[in-house]
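> below is the sequence, then the predicted model.
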Amino acid sequence: MEFRDYLKKDLERVGCSLSELSRASGLSSAVISRYRSGERIPRADSEMLIRLCSGFAKLEEEAGLTPMGEERLIRYRAAIGNKPSLLSEHLDELLSTLRLSMKDLSYILNYDASYLSRIRSGKRAPADPVAFADHIARALGDTLRPADRMLVNELTGAESDNDFAEYLSRWLIQTEANQEAEVERFLSTINSFNLNQYIRSIHFEDLTFSGVPIQDGRREYYDVEGLRQGELDFFMSTLKSDSVGPIYMCNELPMEEMAKDIEFVKEWMGLIAQCVKKGHQLHIVHDVNRPFPEMMLGLETWIPVYMTGQIFPYYLPSVSGSIYRHCLYVSDACVLSGEGIGSNVEYASSALSGEPKRLAYGKARAKQLFGHAVPLMRIIRGAHNDVAIRYMEEEAGGGGKWHIRAAVPPYFALNFDHLTQILRENHCDEDFTRRAEAYLINQQDFMNRLLRNGSAVSEIMSLSKTEFDRFTPEFDAPFMNADERLQYSWETYQKHLSLAKDYAAGHAGLSIRETTDNAFRNLSIYVKDQKLAIVSKHKDPRIAFVISHPNMVRAIRQFTAPVVETDD
């Protein structure tokens with residue numbers, strides 16, 4: 001029996017649903033669904049497997065059943081087999097990239113070659129994986145030629161030689177649980193977020209703000225309470241001004257301590273929302289020089305304002321370090337600048353000024369700073385979603401390996417007869433029909449150019465009739481306006497799915513995979529190699545995130561890519 005078969009038997013034995021097991025284990029229903037279908041398999045040594053078994057144990061106790069204890073874990077591990085750990089896989093990938101032999105690595109690290117070989121094959125794990133990864137990173141950093149270091153940087157996402165050791169060490173020991181959970185939470189938040197509901201839930205008329213606008217002169221702020229007040233005063237000064245010009249933000253100061261005050265966080269986000277509502281565009285440098293889970297969690301908090309399409313996130317590809325830290329907020333009304341030492345707010349201070357000379361100097365600094373910043377992602381709202389299409393079209397000619405995940409069968413698989421049937425059932429007018437037909441030609445050309453030099457896996461939800469009736473998927477395409485909706489009938493949905501399979505059979509390099517994982521009904525996800533990821537949200541609002549940060553692209557690809565191929 002395979003792992004998925006044992007999992008199905010345990011679900012039946014305990015008599016629980018996926019959502020109940022999700023609650024008990026802390027794993028998402030989507031991940032468990034993938035385990036059940038065989039599309040993903042946890043590593044035998046992973047935290048995910050431990051949490052799954054713990055979840056079953058909790059449910060057995062609640063149901064008064066005899067707990068299986070360690071027997072379940074042993075059985076699962078035997079079914080999974082000796083799948084190498086992520087460290088083993090990454091070590092193997094590193095050596096292959098550098099074309100290093102085990103003898104070469106043994107010499108560089110001063111380790112026994114047979115010991116390294118067992119780690120590479122997954123037959124042994126280092127006693128201290130973190131120390132092991134750090135040693136490899138430092139040794140290779142001191143040994144490799146510049147050209148080889150560049151190859152490793154492409155692998156790990158490091159932007160410069162200054163980041164070589166840190167990024168390599170982190171990449172070697174990235175955990176499956178952390179990456180998958182954080183990416184899933186980020187995508188799930190985007191998928192389920194409804195901007196209209198969010199706006200209605202915030203009663204702007206009931207919000208009270210303690211920020212005090214600055215008229216002239218200069219204010220200085222010290223300690224954590226002072227730093228909080230400085231932030232609020234900056235946004236209040238900007239909000240009360242006549243300008244709707246852009247706001248530039250970069251803050252390396254220790255926000256963790258400031259964010260412990262929940263009321264401050266609410267007020268801070270309320271002021272951000274008011275600035276966006278007023279019409280300001282926010283250009284923000286995010287701190288990505290930290291562990292992946294922390295970076296993704298930080299980005300997740302910005303999703304509500306991302307959805308407005310008025311936020312432009314960046315990151316600095318090279319940073320001087322985490323000892324001497326800076327802060328710079330600039331608007332047309334005022335400038336807030338600060339500095340600190342390390343993570344202790346006791347040694348941090350900031351100053352707010354609306355004086356023309358200081359404001360001009362602040363704007364000049366912001367211009368220089370953002371000149372060195374790199375877009376973290378491009379956020380494209382509503383009718384401008386065709387910009388995301390152009391990104392894909394530009395990348396298609398270069399081939400590469402694409403992974404596409406969507407709630408409905410791919411648009412390019414349609415023929416004109418079936419498209420006409422769908423449009424007729426939805427009573428579409430002549431203008432809409434013209435746009436729909438033009439987009440079909442565009443998408444088929446896109447796929448032909450992509451497959452000329454590359455390959456693609458298109459993963460789509462497979463719904464039963466009961467699931468279809470409960471969650472009727474909407475026929476969606478980026479050319480459509482936000483208020484335009486097309487509904488499938490069961491017959492047109494099944495026909496479209498059949499056309500997709502036929503299209504793949506007639507085009508080498510393309511495969512269609514059905515999945516029972518329907519967690520992201522409101523998203524389409526396109527990933528090219530390690531270079532580009534596009535997350536397109538279909539409604540509430542219609543928006544696309546064009547992501548180019550290497551670590552984010554790699555993590556999204558790893559999350560969406562099929563791990564286990566199945567025939568059923």
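Thanks, I have the structure now.

> drop to CA atoms for contacts and neighbour counts, all remaining ones
OK.

> any idea how far residue 7 is from residue 47?
Here residue 47 is placed at a distance of 16 Å from residue 7 (Cα to Cα, to the nearest Å).

> neighbour-wise, which of these two wins?
residue 7 (20 against 14; other Cα atoms under 10 Å).

> which SSE is the more buried one in?
Residue 7 belongs to helix 3-14 when assigned by DSSP states H and E.

> equivalent analysis for residue 275, please.
helix 262-278.

> which helices and strands does the following helix or strand past that helix pack with?
Per DSSP H and E, helix 262-278 leads on to strand 282-285 as the next helix or strand towards the C-terminus. Counting contacts by 3 or more Cα pairs under 8 Å, 6 or more residues apart in numbering; DSSP states H and E, strand 282-285 packs against strand 247-251, strand 311-315.

> try 10 Å this time
strand 247-251, helix 262-278, strand 311-315, strand 324-330, helix 356-372, strand 374-375 (3 or more Cα pairs under 10 Å, 6 or more residues apart in numbering; DSSP states H and E).

> turn these into JSON lines, including distance to residue 438 and mean pLDDT.
JSON lines is the format used below for the helices and strands packed on strand 282-285 (distance: least, Cα to Cα, whole Å; pLDDT from 0 to 100):
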{"stretch": "strand 247-251", "distance to residue 438": "39", "mean pLDDT": "96"}
{"stretch": "helix 262-278", "distance to residue 438": "35", "mean pLDDT": "88"}
{"stretch": "strand 311-315", "distance to residue 438": "31", "mean pLDDT": "93"}
{"stretch": "strand 324-330", "distance to residue 438": "44", "mean pLDDT": "92"}
{"stretch": "helix 356-372", "distance to residue 438": "38", "mean pLDDT": "96"}
{"stretch": "strand 374-375", "distance to residue 438": "31", "mean pLDDT": "92"}
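
> how about the ones you listed in TSV, adding mean neighbour count?
Shown next, in TSV, are the helices and strands packed on strand 282-285 (neighbours: other Cα atoms under 10 Å):
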stretch	mean neighbour count
strand 247-251	21
helix 262-278	17
strand 311-315	21
strand 324-330	20
helix 356-372	15
strand 374-375	18
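
> of all those, which one is nearest residue 58?
helix 262-278 (32.5 Å; Cα to Cα).

> now do that closest one: distance to the chain's middle.
Here helix 262-278 is found 24 Å from its chain centre; the criterion is Cα atoms, centre = their mean, to the nearest Å.

> quick one: list the elements packing against it.
When contacts are defined as 3+ Cα pairs under 10 Å, 6+ apart, helix 262-278 packs onto helix 223-240, strand 282-285, helix 303-306.

> nearest to residue 102, out of those?
strand 282-285 (41.2 Å).

> mind listing what that closest one pairs with, with the direction of each?
When sheet partners are counted by DSSP bridges, strand 282-285 sits next to strand 247-251 (parallel), strand 311-315 (parallel).

> wait, what's in contact with residue 32?
Applying Cα atoms under 10 Å, 6 or more residues apart in numbering to residue 32 gives the contacts 4, 7, 18-19, 21-22, 25, 38, 40-41, 48, 52, 517.

> from residue 256, how far off is it?
Noted for residue 32: a distance of 32 Å to residue 256, by Cα to Cα.

> same deal with residue 352?
Counting by Cα to Cα - residue 352 and residue 256 are separated by 21 Å.

> after the helix holding residue 7, next one along is what?
On the C-terminal side of helix 3-14, the nearest following helix or strand under DSSP H and E is helix 18-25.

> now do that next one: which elements does it pack against?
Contact analysis of helix 18-25 by 3+ Cα pairs under 10 Å, 6+ apart lists helix 3-14, helix 29-37, helix 47-63 as its packing neighbours.

> pipe the ones you listed into TSV and attach distance to residue 488 per row.
Shown next, in TSV, are those (distance: least, Cα to Cα, whole Å):
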stretch	distance to residue 488
helix 3-14	31
helix 29-37	24
helix 47-63	36
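
> indicate which one of these is closest to residue 554.
Closest approach to residue 554 among the helices and strands packed on helix 18-25 (Cα to Cα): helix 29-37, 18.1 Å.

> can you state the direction angle for the closest one and helix 18-25?
Here helix 29-37 points in a direction 110 degrees away from that of helix 18-25 (axes from the mean of the first three to the mean of the last three Cα atoms, to 10 degrees).
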